[in-house]
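In: Mind folding the following:
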Amino acid sequence: MNTNMNQTDRKKVDLKQVEIFSPFAHVSGWFTRKNSRLIGKGNRIEGLDCGFNTASSDTEATENRSLVFETLNLNPGDVAFAKQVHGDRIEVVSAGGVYPDADALITEKHGCTLAIQVADCAAVLLADPDSHIVAAVHAGWKGAVAGIIPKTVEKMSRLATARPDRMLVYISPCISQQYFEVGEEVSALFPDWFVDRESFANDHVDLKGYVIQQLRDTGIPGRQIYADPACTYRETHEYYSYRREKEKAGRMLALIQLK
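Out: Reported below is the predicted structural model:
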């Protein structure tokens, strides 16, 4: 672990601000980048690995998460993490901590921040600013085909006066169709128009396109959905990719806060 990072270095963590939430003072969202040129030299995984289940030591991952919290001026005790299992379980939370066996978190608690970790899967951040409710979803292919996205929107609507037509959504960088090669047992689970069976030797799935369609099918207008165009596999220096790096891959964080 490199502990020789001075305070100036600690302020250089590179994060994406989620602009679609910016008109609303009480909702903020962020997505971390790899940051391999700035931090983590000498660690098991270079860069800002914030994962629970990577090759980084617990100390390294905890330190990296602390850098994110410091950059964003977040109280670590107010951050809720989903300990993801590629399922469709949704947890409604009102406090920070680690929530096991969950792949989506919802909160109406002001001051609470929700966190999802990804490295090729899509992180989906949702907010109905009028109803003061937010959610963070881990949408890998397994969770997506299990319907975790529409189930989250439905649960948000039941919990509050949330309405899909008022919701704003951010979809994080994830693996693009060009690099998401799958077997027929996986591609058969997706509608045909999200599967390219002609351009490559094996089937390739458009995960991001499928996520967008699922969101629109819930009633969220397309103009209120922002899908980051970046590909985690292709952009080597910007993002971790499990498919590219395997056990050497770290994890990015997607966070949404209800202020």
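
In: what are the ranges of the strands in the stretch 1-150 of the chain?
Out: Taking DSSP state E, counting those that start in this stretch as the criterion, the stretch 1-150 of the chain carries its strands at 15-17, 27-32, 79-83, 90-93, 97-100, 104-107, 112-118, 122-128, 133-139.

In: What would the fourth one look like as CSV? C-alpha coordinates only.
Out: C-alpha atoms of strand 90-93 as CSV (Å, rounded to 0.1, in the frame of the first residue of the first chain):
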residue,chain,number,x,y,z
ILE,A,90,-34.0,-4.4,-4.1
GLU,A,91,-33.3,-3.0,-0.7
VAL,A,92,-35.0,0.1,0.7
VAL,A,93,-32.5,1.9,3.0
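
In: Put together JSON lines for the strands of the stretch 1-150 of the chain, with mean pLDDT and distance to K208 on each row.
Out: (C-beta placed from N, C-alpha, C; glycine too.) Conversion of the strands of the stretch 1-150 of the chain to JSON lines gives the following (pLDDT from 0 to 100; distance: least, CB to CB, whole Å):
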{"stretch": "strand 15-17", "mean pLDDT": "95", "distance to K208": "16"}
{"stretch": "strand 27-32", "mean pLDDT": "98", "distance to K208": "14"}
{"stretch": "strand 79-83", "mean pLDDT": "96", "distance to K208": "20"}
{"stretch": "strand 90-93", "mean pLDDT": "98", "distance to K208": "21"}
{"stretch": "strand 97-100", "mean pLDDT": "96", "distance to K208": "26"}
{"stretch": "strand 104-107", "mean pLDDT": "98", "distance to K208": "18"}
{"stretch": "strand 112-118", "mean pLDDT": "97", "distance to K208": "12"}
{"stretch": "strand 122-128", "mean pLDDT": "98", "distance to K208": "6"}
{"stretch": "strand 133-139", "mean pLDDT": "98", "distance to K208": "9"}
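
In: C231 is nearest to which of those strands?
Out: Of all the strands of the stretch 1-150 of the chain, it is strand 122-128 that lies closest to C231, at 11.4 Å by CB to CB.

In: any idea of the angle that closest one forms with strand 112-118?
Out: For strand 122-128 against strand 112-118, the angle by axes from the mean of the first three to the mean of the last three CA atoms, to 10 degrees is 160 degrees.

In: Direction included, what does strand 122-128 pair against?
Out: strand 133-139 (antiparallel), strand 168-171 (antiparallel) (DSSP bridges).

In: Buried residues, that strand. List them.
Out: A122, A123, V124, L125, L126, A127, D128 (16 or more other CB atoms under 10 Å).

In: Please name every helix or strand in contact with the lengthiest helix in the chain.
Out: If you go by DSSP state H, the chain has its longest helix at helix 58-72. Under the contact definition 3 or more CB pairs under 8 Å, 6 or more residues apart in numbering; DSSP states H and E, helix 58-72 sits against strand 15-17, strand 252-258.

In: ok, residues contacting the shortest one?
Out: Contacting residues not belonging to strand 15-17 are listed as S28, G29, W30, F31, T32, R33, V68, T71, L72, D228 [CB atoms under 8 Å, 6 or more residues apart in numbering].
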